[in-house]
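[1] Any chance you can model this:
(one chain, ligands or ions: 1)
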Amino acid sequence: MDKNYFTNKNILEILDLYKPIAGLESASELLFWDSETYMPKGAAEDRGFVVGQLAAISQEKLLEPKLKKLVKETDSSTLNDYEKAVLRVLKKAIKIQEKIPAEFIKEFTKLTSESHHIWAEAKEKNNFKLFAPNLEKIIELTKKRIDYLGFEDHPYDTLIDDFEEGWTVKDCDAYFNAIKTPLTELLNKIKGSAKFNAPCSLKNEPYQKADIQKLQDFILDFLKFDKSRMRLDTSAHPFEIAISPNDVRMTTRYKEADFKESVTSVMHEFGHTIYEAKGSEQLSFTPLQHGASMASHESQSRLWENIIGKHPVILEKIYIEAKKYLPFMQKYSFEDFSLYFNEVQPGFIRVEADEVTYHFHIMLRYEIEKMIFENKVKVVDLPELWNTKMNEYLGVVPKMDSLGVLQDIHWSAGYFGYFPTYSLGTFMSGMWAKNLEKSLGSFDKILGNNNSIPEIQAWLQENMHQFGQTYTSKELIRQATNADFTTKPFLDYLEKKYSKVYDF
Ligand code: MG
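    Take a look at the predicted model:
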């Protein structure tokens, strides 16, 4: 057992007062998981009531005068990093709960829960006008939220900070500027390849769910998925959720054909799962229990999904197994299989995008969101702005808004400032991979060894997972890699990989 992380008397008292909040949070996570997996649909409203009640008790506990006073008045100068982080995380949570009136939270929650259905209907009917009034209201309230919380340089900073602590518009502008040109050049090289647009009939092969589940079982065994502490279930959209460090759950989904996603989603969610499962036990049920940030989390899912999961050595293992379980695989060579998993193709839909074009989907949303909060664009003009930017970045224009501005759920839930973390996290995965290879040897060499997976997991646990939320994503990277966040490792990875896939 490591020595005690928490010894300061005030901090120990704070952690004691936090325990009921951690308990309520864990219960809410379980209720969320249930509502996405096995809950009968008719229970949605009842469940909304129960979750709302738990959230209200949790808020009350967080704002208890004794806890607030301890958090505000504890002198941090003699504290260690873990203890300081407890204060940092709780100060932020208390500030949000204190500055935003309960009435506003009720209004916003009601609006977004209604908007979910309206957005879904607008998307289904391909009618942006149906959703526009709600979107206008959500934006108006989000601007009000920014007013409550305040900002220093840019109103959108406040929204980014909700999801990625310490990141600002200035950081994100610099980041997107650094990736725009190299990614455009890379995409142009790929488009110039003879292999670009090669017909890929694997995506049309229908499959049996039971067959693909055998392949998923193989992958999870290979990844050392611990069934005594982890679960895999099915939901409309794949996700991961930590009920506690010893109960981390992930989901996948199945379609009629095109089995790739059922493989990649398992790898992706596994990356999230292992991050939550490998935190230090001393952080369990404290404010530091979960991963550092959205981008940090995504850096783990994308590392396992793409850099490790689609590495030729791993892909070949999956190919050999796939031939055992999927009868149609007999017709396909490893090269076909590899191209199916790594195909680059500009398309309309973000969640289906490949590793190269994905970032343009995010860049577009980032630029549009920023314009919204700079009051530079009206809701009515969003579909056209969307299509113009799609054409500019990817050379494709969706023929209908369902495939364009209406495709993502986030805005209906009031999640502005969330999208940049998807792209940032992916680029962070490049930094983790580079440093893993520095310590353990190149993936080309080590991934063939049976013990490489546990070794990679142990390295990630030591350098990242064990710390939970102790450090922000910027600090975590600096500490583990001795460098600030940079886009170079991931750009190098893309260049090296796709020059091979597309022969240039
Ligand atoms: Mg994810």
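
[2] Residue ranges in the stretch 1-150 of the chain under the pLDDT threshold?
    Applying pLDDT under 70 to the stretch 1-150 of the chain flags residues 1-2.

[3] now the helices for it?
    9-37, 44-62, 65-73, 81-99, 102-124, 128-149 (DSSP state H, counting those that start in this stretch).

[4] Any idea how many residues pack against A295?
    27 (other C-beta atoms under 10 Å). C-beta coordinates here come from the backbone N, C-alpha and C atoms, glycine included.

[5] residues contacting it?
    Contact analysis of A295 by C-beta atoms under 8 Å, 6 or more residues apart in numbering lists F163, E164, W167, P420, T421, L424, G425, M428, S473.

[6] helix/strand/coil for the fourth one?
    Spelled out, it's P420. helix (DSSP: H, G, I helix; E, B strand; the rest coil).

[7] what separates it from W167, distance-wise?
    Note on P420: its distance to W167, by C-beta to C-beta, to the nearest Å, is 7 Å.

[8] any common contacting residues for those two?
    What both P420 and W167 touch, as defined by C-beta under 8 Å, 6+ apart, is the set I160, A295.

[9] The two: who's more crowded?
    A direct count of neighbours by other C-beta under 10 Å for P420 and W167 places P420 higher, at 27 against 24.

[10] returning to that earlier point: would you mind telling me which of the helices of the stretch 1-150 of the chain is nearest Q345?
    helix 102-124 (22.4 Å; C-beta to C-beta).

[11] For the most centrally placed residue in the chain, which residues are in contact?
    Residue closest to the mean C-alpha point of the chain, counted by C-alpha atoms, centre = their mean, is E298 at 4.1 Å. Counting by C-beta under 8 Å, 6+ apart, E298 makes contact with T421, Y422, L424, G425, T426, M428, S429.

[12] which residue sits closest to E136, ignoring its sequence neighbours?
    Once flanking residues are discounted, E136 sits nearest to V379: 4.8 Å by C-beta to C-beta, 6 or more residues apart in numbering.

[13] How about the strand or helix carrying F270, which residues are buried there?
    Counting by DSSP states H and E, the element that carries F270 is helix 260-277. Buried residues in helix 260-277, counted by 16 or more other C-beta atoms under 10 Å: 261-277.

[14] Also compute the angle for the next helix or strand after it relative to helix 260-277, please.
    As assigned by DSSP H and E, the chain's next helix or strand after helix 260-277 is helix 294-302. Taking axes from the mean of the first three to the mean of the last three C-alpha atoms, to 10 degrees, helix 294-302 and helix 260-277 form an angle of 130 degrees between their directions.

[15] Number the chain from 299, please
    From this message on, residue numbering opens at 299, which makes the last subject helix 592-600.

[16] Pull helix 592-600 out as PDB, backbone CA atoms only.
    C-alpha atoms of helix 592-600 as PDB (Å, rounded to 0.1, in the frame of the first residue of the first chain):
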ATOM      1  CA  MET A 592     -13.100  14.700 -21.400                       C
ATOM      2  CA  ALA A 593     -10.100  15.000 -23.700                       C
ATOM      3  CA  SER A 594      -7.900  12.900 -21.300                       C
ATOM      4  CA  HIS A 595     -10.600  10.200 -21.400                       C
ATOM      5  CA  GLU A 596     -10.900  10.400 -25.200                       C
ATOM      6  CA  SER A 597      -7.100  10.100 -25.500                       C
ATOM      7  CA  GLN A 598      -7.400   6.700 -23.900                       C
ATOM      8  CA  SER A 599     -10.300   5.500 -26.000                       C
ATOM      9  CA  ARG A 600      -8.700   6.700 -29.200                       C
END
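
[17] Next, count neighbours for W684.
    Counted with other C-beta under 10 Å, W684 comes out at 21.

[18] no, scratch that, I was asking about K397
    13.

[19] Can you give me every residue that contacts it?
    Y446, L447, G448.

[20] which of the residues in stretch 435-455 are buried?
    435-437, 439-440, 443-444, 447, 449, 452-455.

[21] about what we covered before: would you state the predicted confidence (pLDDT) at the residue nearest to E434?
    Here the pLDDT value assigned to V677 is 98.

[22] and it, how far is that from K389?
    35 Å.

[23] can you check Y573 too?
    24 Å.

[24] what do you get for K507?
    Counting by C-beta to C-beta - K507 and K389 are separated by 47 Å.

[25] do the same with K489
    Taking C-beta to C-beta, one finds K489 at 49 Å from K389.
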